[in-house]
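**Q** The sequence and its predicted three-dimensional model are supplied below.
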Amino acid sequence: MDNDLEKRRELLFSAEPADQADRALSILSGLPRLKVAHSDKPFALEVHYNLKDYTLAGLEQALEQEGFFLDHSFLHQMARNIIYYCEDTGRHNMEIRSHPTKKNEKDVFVEISGQHPHHEYASIPPELREYE
């Protein structure tokens, strides 16, 4: 299961200023439990991290706060948003210990059905319900 937590992502920078990837590499190299290297693509870095330690959103937001400019083309932005969502959901799911209804499903659903109007009752107009 830990393999699901290990992530390999690319940080994609805009073309200007040209030395952004090198500057970001030197900054990110100092972070614990984060592996960073040049990518095969120009203006890009490859990062390896564990989802318990970092997220792509967190890394990119920190870089933008430091004055770096990311590639915000439509396709890259769409891919980022999907990754952000998946990583956020994964981190959220790690915090959930167990589902509370697994042991007492029947009791939970009986209680919920008692709180909602039943189909036959709901089909009777409200003004006629007292005459039933």
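**A** Noted; the coordinates are in hand.
**Q** Can you give the contact residues for the helix or strand containing residue 22?
**A** Using DSSP states H and E, residue 22 sits in helix 20-28. Helix 20-28 has contacts (Cβ atoms under 8 Å, 6 or more residues apart in numbering) with 11, 13-14, 34, 36-39, 43-45, 47, 59, 63, 66, 68-69. C-beta: built from backbone N, CA, C; applies to glycine.
**Q** just the buried members of those residues?
**A** Applying a neighbour-count criterion of 16 or more other Cβ atoms under 10 Å, the buried members of these are 11, 13, 36, 43-45, 47, 59, 63, 68.
**Q** Of those residues, which belong to strands?
**A** Counted as lying in strands by DSSP state E, out of the buried ones among the contacts of helix 20-28, are 11, 36, 44-45, 47.
**Q** Can you lay out those residues as JSON lines showing distance to residue 21 and pLDDT?
**A** Listed next are these as JSON lines, based on distance: Cβ to Cβ, whole Å; pLDDT from 0 to 100:
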{"residue": "11", "distance to residue 21": "8", "pLDDT": "93"}
{"residue": "36", "distance to residue 21": "10", "pLDDT": "94"}
{"residue": "44", "distance to residue 21": "6", "pLDDT": "92"}
{"residue": "45", "distance to residue 21": "5", "pLDDT": "94"}
{"residue": "47", "distance to residue 21": "12", "pLDDT": "95"}
